[in-house]
Every structure is written in structure tokens, then in C-alpha cells.
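K.L.:
test case, fold it:
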Amino acid sequence: MLRIVVVSALLLWSCNPKAQDSPKTDELQVEFSLPKKLKEVSGIALSQDKKTIWAIEDQGNKNVVYGLDMQGNLLKDVLVENAENNDWEDITKDTQGNIYLGDFGNNDNNRQNLSILKLDLKTPSQATTKVIQTTKFHYEGQTEFPPKKSNWLYDCEAFVEMDGNFYLFTKNRSKGFDGTFLVFKIPNKEGDFEAMLIGKLKLNGKYSDAAITSATINSTKDKIVLLNHKNIHVLSGFTANDFSTAKIQKISLNHNSQKEAVVFLDDKTLLIADEKDKDTGGNIYKFNLR
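P.N.:
Numbering: from 1, shown residues only. The predicted model follows:
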């Protein structure tokens, strides 16, 4: 009888096509503390050989990409010679190992100089790097800068690269926050583009549960993890041109801090970084997906 009940419960849980709440997990495992100069980390990415963590900071900080080894030691401050840090909010790479900066932080939903920057960044021995491709864009549907506060859906802190396109997941800053976010698609090319709206989805919870701060994609390109302060959300069931029917699995981290960066270490393991506060944060954590 017990066996039948357990199987039935598992079937009931798996049939929920939308947001699924997973059981609580163990606390995050601290891998190492970030260097003191990285107080406002906003994104992390792994080098192609997985020996270097590239980290950035957001608005008000230097136009520098920081190279760390896998023990958290600072290897190099790599200056981006021909770019300003307007508001770098995430960093990602493609399958060839090319590195991209998301200069699309837009807290007040009024920016009209949004861009994604491709860097000539290969090794942490570099003292400098340059932007070798600039993808400028504006959002489909945004006609006011800023729009009414009830429609502040055009900030962004999270993106991934997949098969020659960028996918952006917006951060809801609307008055009356309800967890809604938008998914946009932009070609990975030099030029000025309208970001195509390919999904409007909703996460459950308040701001710290559901405001998206970073994203990462697995190697098989069938799962995207979205980060916020308390949870991760795993997206699946999406297609290249449609995220509207994506399934969302919510996983509690049992830990509340200003988490701003996530990357797949391997397809079952995440690295997560948070900002340094007075008493908490400033760490890289390891989290095992079950």
C-alpha cells in the first residue's frame, strides 16, 4: 500500500504543467569567499576549459572583468579598453567559448542605449581586452521611456546565448509586483535590433522570491536556470522561438542573500555568487541539482 501511495504522489507532482515547487533542499555549500574588491558581483561565467571564473560588477564600478581560479584567488583584472560600464548585469559564453557582457541594466526602465558586448577575452593572463562586436537593441512593446510604473518590465539582469541568439529574461520592477517577466530573443550579430518578445511568464512569490537576477543554460540546451535571492527556477519545454509554454520548477535554496550570478559548472551542479553585505554574502556557493 505504501508503495502505491508513493508512486501516486510522484505522478501527481510530475503532472503539474506549470510552476512546480520542489521539496526544500540543504543549505548552499560555500566554495570560497570572493576577493574583497568584488563587493558588487553581478555575473559570473566559466572559461571554456573550466579553469577560470570570469566575474563582473554592475553600474558604478570599473570596466573590468575579473579572472578567478577555481579556489577563488584573483588572477587578473582585465580592463575592457573600449567600453564603459553603464550597467553590466550578466556575463555569459557561447559553445565556442566567446564571452559576452550584458550592458542592459535598466532600473528606471528609461535606457535607450542597451547592448550586448562580445569580448576578445581568452586567458586570465591578458591585461586588457576589447569589444569586438556590439549588439544594440530595444525591446518590442516598449514605446515610453520610462513607461507607467505598473509596466516596469524592461530591466534585465539575466541572459544566455543559444544557437546564435541571445535570450533575455527581464526583471520586474513594476508597482504591484506579481512575478511576471518577459523573454526576448536577439540575434548574436553586430547591429541594432528590436528584441523579439517570445514569452510572458510568471514566478510565484514576492520580490526576493521571483525577481530574476541571472541566468545560465546547460550543455544540452534543454534547461535554463533563473536565479533570485531565495530560489532558483528551472525552465524546460521551451523552443527557440517560444517560451510561453515553458515549464517552471521552483527550487528553494533555504538561504536569503543578494544572489546576483549563476553558472552551470556541469549539468548537475551550479555555482552561485552573492553580493557582500555587512554580515552576509560575498561568496561563491555550490549547489547540486537533484
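
K.L.:
check contacts around V234.
P.N.:
K223, I224, V225, L226, I248, Q249, I251, L289 (C-beta atoms under 8 Å, 6 or more residues apart in numbering). Where you see a C-beta, it was placed from the backbone N, CA and C, and this is true even at glycine.

K.L.:
buried among those residues? Make that a ChimeraX selection.
P.N.:
The ChimeraX selection below is limited to those of the contacts of V234 classed as buried (16 or more other C-beta atoms under 10 Å):
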select :223,224,225,226,248,249,251,289
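
K.L.:
among the contacts of V234, which lie within strands?
P.N.:
Applying DSSP state E to those, the entries found in strands are I224, V225, L226, I248, Q249, I251.

K.L.:
show me the contacts for L253.
P.N.:
L253 neighbours (C-beta under 8 Å, 6+ apart): T25, E27, L28, K230, N231, I232, K259, I272, F287.

K.L.:
for the fifth one, grab the count of nearby residues.
P.N.:
Same thing as N231. Residues lying near N231 (other C-beta atoms under 10 Å) number 23.

K.L.:
cool, and the second one?
P.N.:
Here the number of neighbours of E27 (other C-beta under 10 Å) works out to 11.

K.L.:
same check on the fourth one?
P.N.:
Counted with other C-beta under 10 Å, residues neighbouring K230 total 19.

K.L.:
distance of it from A210?
P.N.:
9 Å (C-beta to C-beta, to the nearest Å).

K.L.:
likewise for K200?
P.N.:
K200 is 14 Å from A210, where distance means C-beta to C-beta.

K.L.:
of the two, give the one with the bigger neighbour count.
P.N.:
A direct count of neighbours by other C-beta under 10 Å for K200 and A210 places A210 higher, at 25 against 14.

K.L.:
need the contact list for the more buried one.
P.N.:
With C-beta under 8 Å, 6+ apart, A210 has these contacts: N172, F177, G179, L203, N204, N228, N231.

K.L.:
again with P147
P.N.:
Contact analysis of P147 by C-beta under 8 Å, 6+ apart lists N109, Y154.

K.L.:
cool, and K185?
P.N.:
N165, F166, Y167, L168, A195, M196, I198, A240, N241.

K.L.:
how about these in CSV, adding secondary structure, pLDDT and neighbour count?
P.N.:
Putting the contacts of K185 into CSV (DSSP: H, G, I helix; E, B strand; the rest coil; pLDDT from 0 to 100; neighbours: other C-beta atoms under 10 Å) gives the following:
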residue, secondary structure, pLDDT, neighbour count
N165, strand, 98, 16
F166, strand, 99, 24
Y167, strand, 99, 25
L168, strand, 99, 27
A195, strand, 98, 26
M196, strand, 98, 15
I198, strand, 98, 20
A240, coil, 98, 13
N241, coil, 98, 10
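
K.L.:
so which of the residues you listed is the closest to I217?
P.N.:
Checking the contacts of K185 against I217 by C-beta to C-beta gives Y167 as the nearest, at 8.1 Å.

K.L.:
okay, now the unreliable bits of this structure?
P.N.:
For the chain, applying pLDDT under 70 flags the ranges 1-26.

K.L.:
pick out the residue nearest the middle of it.
P.N.:
Ranked by distance to the mean C-alpha position of the chain (C-alpha atoms, centre = their mean), the top residue is S214 at 1.8 Å.

K.L.:
ok, that residue - contacts?
P.N.:
Here S214 is in contact with G43, D90, E157, A158, L226, L227, K259, E260, A261, V262 (criterion: C-beta under 8 Å, 6+ apart).

K.L.:
of these, which is the nearest to N188?
P.N.:
So of the contacts of S214, ranked by how close each gets to N188 (C-beta to C-beta), first place is D90, at 14.7 Å.

K.L.:
which residues does the closest one bridge with?
P.N.:
Assessed by DSSP bridges, D90 has beta-bridge partners G102.

K.L.:
next, count neighbours for it.
P.N.:
Neighbour tally, D90, other C-beta under 10 Å: 33.

K.L.:
roughly how far does L28 sit from Q249?
P.N.:
Here L28 is placed at a distance of 18 Å from Q249 (C-beta to C-beta).

K.L.:
likewise for L75?
P.N.:
L75 is 35 Å from Q249, by C-beta to C-beta.

K.L.:
for the nearest residue to L289 once chain neighbours are set aside, give its distance to S219.
P.N.:
Spatially, and ignoring its direct neighbours in sequence, L289 is nearest to K268 (5.3 Å; C-beta to C-beta, 6 or more residues apart in numbering). K268 sits 11 Å away from S219, going by C-beta to C-beta.

K.L.:
thanks a lot, see you next time.
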